[in-house]
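> Only the shape, not the letters, is given here:
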């Protein structure tokens, strides 16, 4: 393997030197970290990472390779990938290629050989920030100045990059007796559609640009707002759609869909210092007095101080107390910040889909 030096430069001027992997081209994005020990293929193919460079805290990534079954979307959307070490000889009966081969095939730049846990501590202390991975000889000061000219995550239209171009159905779309759920694709992880199908729904996925009128023409029993990338306040179209449909049909939101739904009802959102990205975040269901271990990937949260009348907090993050779930006391609206459909990871929270189905049927 040819050794090419590369470096990560952050907007605060810090430099992290390692080796170029993957596509090897210069890339930039918001640098974030994920603490999961497994599930790197699912992380690579999660559209919510669009616009971001993801650093894995687990020291070796790729030991079971890449397979044909576990991708969460049609392709990876993240800007870059960082690991302490990429495994070059994976061992798993489903493996069809290495992580680096997959990164090269999808033109994703990666960085190997840096102290990823030191980088994580740095981001926890300073907060997530923009960064560049490059093999160029440019000085850190030159690259730092370049970074300052780049847009922040809140200034980018990322949903239009990840949403589907056309309407499609999931599973048996012809079963007219099944409850019909329309998913507004803001960056959909396909296990969300699969989870709805498994509890007996007929599922139609529509682009993020679909209006409330276009959604109602499909005669849905309920609306699901998917996960997705970026700042929820940069999704005015989806916010307007929820405003026009709230109270008319049952609505459920997951991750970005949770934040968009809250904004539509008059709540506010804010950016977390370093976000929640991992597979072992404890969340308490306040209505059922139970704690669940959850999979999470988000950098924004709903403000609790000025929640509008009618919105009730149903779930809370035990680590930092942030809102992880909401429901409206009068309208049929239920939202979750974490990923109840996540795999690999805890399957404790699949009951969320049954709760939504009960709302649709009632």
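Noted; the coordinates are in hand. Since the model is a prediction, treat every value here as computed from it, not as a measurement.

> Would you mind measuring from the residue nearest to residue 156 when sequence neighbours are not counted to residue 230?
Spatial nearest neighbour of residue 156, chain neighbours left out: residue 51 (5.4 Å); criterion: CB to CB, 6 or more residues apart in numbering. Every C-beta, even on glycine, is put in place using the N, C-alpha and C of the backbone. Residue 51 sits 6 Å away from residue 230, going by CB to CB, to the nearest Å.

> do residue 42 as well
Residue 42 is 19 Å from residue 230, where distance means CB to CB.

> So which of those two has more stuff around it?
residue 230 (27 against 23; other CB atoms under 10 Å).

> wait, isn't that one in contact with residue 49?
No - contact criterion CB atoms under 8 Å: residue 230 and residue 49 do not qualify, at 10.4 Å.

> Let me see the contact set for the one residue sitting closest to the centre of the chain.
With distances taken as CA atoms, centre = their mean, residue 48 lies nearest the centre of the chain, 3.1 Å away. Going by CB atoms under 8 Å, 6 or more residues apart in numbering, residue 48 touches 187, 189, 227, 228, 229, 255, 256, 297, 298.

> which non-adjacent residue is nearest residue 146?
Closest to residue 146 by CB to CB, 6+ apart is residue 132, at 6.7 Å.

> which element is that neighbour on?
Using DSSP states H and E, residue 132 sits within strand 129-134.

> From the contact counts, what lies against that strand?
strand 5-10, strand 27-34, strand 109-112, helix 140-148 (3 or more CB pairs under 8 Å, 6 or more residues apart in numbering; DSSP states H and E).

> Can you show me the strands along the stretch 251-362 of the chain?
Counting by DSSP state E, counting those that start in this stretch, the stretch 251-362 of the chain has strands at residues 251-254, 269-285, 290-302, 311-317, 323-328, 333-336.

> for the record, mean pLDDT for the first one?
Here strand 251-254 scores 98 as its mean pLDDT.

> next one: the second one
Averaging pLDDT along strand 269-285 gives 97.

> Start from the N-terminal end of the stretch 51-200 of the chain and give the strands.
Here the stretch 51-200 of the chain has its strands, by DSSP E, counting those that start in this stretch, at 52-56, 60-61, 80-83, 85-86, 109-112, 129-134, 168-170, 180-185.

> Any stretches of this protein with poor pLDDT?
1, 172-174, 343-346 (pLDDT under 70).

> and with 50 instead?
Of all residues in the chain, none has pLDDT under 50.

> Report the residue ranges of every domain in it.
5-150, 159-361 (automatic domain parsing).

> how close does the closest residue to residue 189 other than its chain neighbours get to residue 187?
Counting by CB to CB, 6+ apart, residue 189 lies nearest to residue 72, which is 4.4 Å off, once chain neighbours are set aside. Separation of residue 72 from residue 187 (CB to CB) stands at 10 Å.
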